[in-house]
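A.B. asks: Let me see the structure of the following:
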Amino acid sequence: MDRSVWMYQIERATIEYLEHLSHFLKVAEDDRVKRGKSRVHCPCKNCLNWKCHTDLKTIKNHLIEKGFMQRYTCWEFHGEVKAKSNTSVSNCNVEQNNDSYNNDRLNEMLHNLEDNVAEKNQNQFQQLLVDSETPLYEGCEDFTKLSAVYRLMNVKAVNGWSDTGFTTLLEALLEMFPKAKLPVSTYQAKKLMCPMGMEIEKIDACPKDCMLYRDNDKDLHACRICGKLRYKRKKDTPLNPDVSKNGPPAKLLWYFPIKPRLERLFSNEKDAKLLRWHAEERKRDGKMRH
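C.D. replies: Have a look, this model is predicted:
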């Protein structure tokens, strides 16, 4: 029976539905074991593959009570890979090897990201998953809101378009297709693809690059080396003892902490293995190789 039929059209209390559901749970469990994970994504209408559970009985109960989320005939979060095709069922193939790539690696990216999201970013991550399931427009089967932006950003990078030019393109597309769920600018597109952004530490600096206002110097109003004022202001303006209330700094250093960047690099299991190759797998026979 076609998945679109048993998942969405027949009654969930029937034996037929329960038999197909048991097959789905077996596929999900096999994928969990293959990936070495302790939890399984729940594709019910409430969890939307965002929430995971260790007990398959919980997922089974959710799918009986609430049913499957819309447009999930290809079980991308449970080991299947989407292939280019015109039908929803033949559009899915069971993953045969670890080097398979799905729809522009979006689902792989979400899989890798899911276990590395801090609590403060859970809402943004949930929105990312919703965007990955939302059709670009009503009736669209080939692109979601997220995959469409991913594709457009890829075209932008390949052709070397400027941010201004890309914004103009988005504005034109929205005029032509007003019902499409596209961002209105390059900035909005980048925020949609990377809602959690990168951690940034902003540090006030001397305009002559003598020093940074950090650690023991974080409360100074002027450079202890050249005497230049820390802020963009007139010298005769009285200073507030609170350094955060004296206006913008004369110079600002943007520091990207290395730890979160390394965590992102190592969050992908395959990439992490390659990054560890020099330490774990290279031959140590005293010979130099290139």
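A.B. asks: can you map out the strands along the protein?
C.D. replies: 40-41, 52-53, 80-82, 92-94, 201-205, 251-255 (DSSP state E).
A.B. asks: Now do the buried residues in the fifth one.
C.D. replies: In terms of neighbour count (16 or more other C-beta atoms under 10 Å), strand 201-205 has its buried residues at 204-205. For every residue, glycine as well, the C-beta is placed using N, CA and C.
A.B. asks: quick one: it to strand 251-255, angle?
C.D. replies: Going by axes from the mean of the first three to the mean of the last three C-alpha atoms, to 10 degrees, strand 201-205 is angled at 150 degrees with respect to strand 251-255.
A.B. asks: Mind giving me the packing neighbours of strand 201-205?
C.D. replies: strand 251-255 (3 or more C-beta pairs under 8 Å, 6 or more residues apart in numbering; DSSP states H and E).
A.B. asks: what's the average pLDDT for the strand it packs on?
C.D. replies: The average pLDDT within strand 251-255 is 89.
A.B. asks: How many neighbouring residues does residue 6 have?
C.D. replies: 19 (other C-beta atoms under 10 Å).
A.B. asks: just to revisit the earlier point, which among the strands of the chain is found nearest to residue 144?
C.D. replies: Set against residue 144 and scored by C-beta to C-beta, the strands of the chain come closest in strand 80-82, at 11.0 Å.
A.B. asks: pLDDT on the closest one, on average?
C.D. replies: 74.
A.B. asks: quick one: low-confidence parts of the chain?
C.D. replies: 82-122, 195-198, 234-236, 290 (pLDDT under 70).
A.B. asks: Got the domain ranges for it?
C.D. replies: 3-100, 134-193 (automatic domain parsing).
A.B. asks: mind giving me CSV with those domains and columns for distance to residue 260?
C.D. replies: Shown next, in CSV, are those (distance: least, C-beta to C-beta, whole Å):
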stretch, distance to residue 260
domain 3-100, 22
domain 134-193, 17
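A.B. asks: Show residues contacting the lengthiest helix in the chain.
C.D. replies: Ranked by residue count under DSSP state H, the longest helix found in the chain is helix 15-35. Around helix 15-35, the neighbours that count as contacts under C-beta atoms under 8 Å, 6 or more residues apart in numbering are 1, 6-7, 10-11, 38-41, 56, 59-60, 63-64, 75, 78-80.
A.B. asks: Helices of the stretch 101-250 of the chain, start to end?
C.D. replies: Under the criterion DSSP state H, counting those that start in this stretch, the stretch 101-250 of the chain contains helices at 106-114, 122-133, 145-159, 163-176, 186-193.
A.B. asks: which of these sits most buried?
C.D. replies: Sort those by mean neighbour count, taking mean count of other C-beta atoms under 10 Å, and helix 106-114 sits at the top with a mean of 19.
A.B. asks: I'd say residue 183 and residue 171 touch.
C.D. replies: No: between residue 183 and residue 171 there is no contact under C-beta atoms under 8 Å: 10.3 Å.
A.B. asks: hang on, the earlier thing: so which of the domains of the chain comes closest to residue 282?
C.D. replies: Among those, if distance is taken as C-beta to C-beta, the winner is domain 3-100, at 21.2 Å.
A.B. asks: about what we covered before: generate a markdown table for the helices of the stretch 101-250 of the chain, with distance to residue 202 as supplementary columns.
C.D. replies: A markdown table is the format used below for these (distance: least, C-beta to C-beta, whole Å):
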| stretch | distance to residue 202 |
| --- | --- |
| helix 106-114 | 25 |
| helix 122-133 | 20 |
| helix 145-159 | 26 |
| helix 163-176 | 22 |
| helix 186-193 | 19 |
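A.B. asks: and of the ones you listed, who's closest to residue 268?
C.D. replies: Of all the helices of the stretch 101-250 of the chain, helix 106-114 comes closest under C-beta to C-beta, at 4.7 Å.
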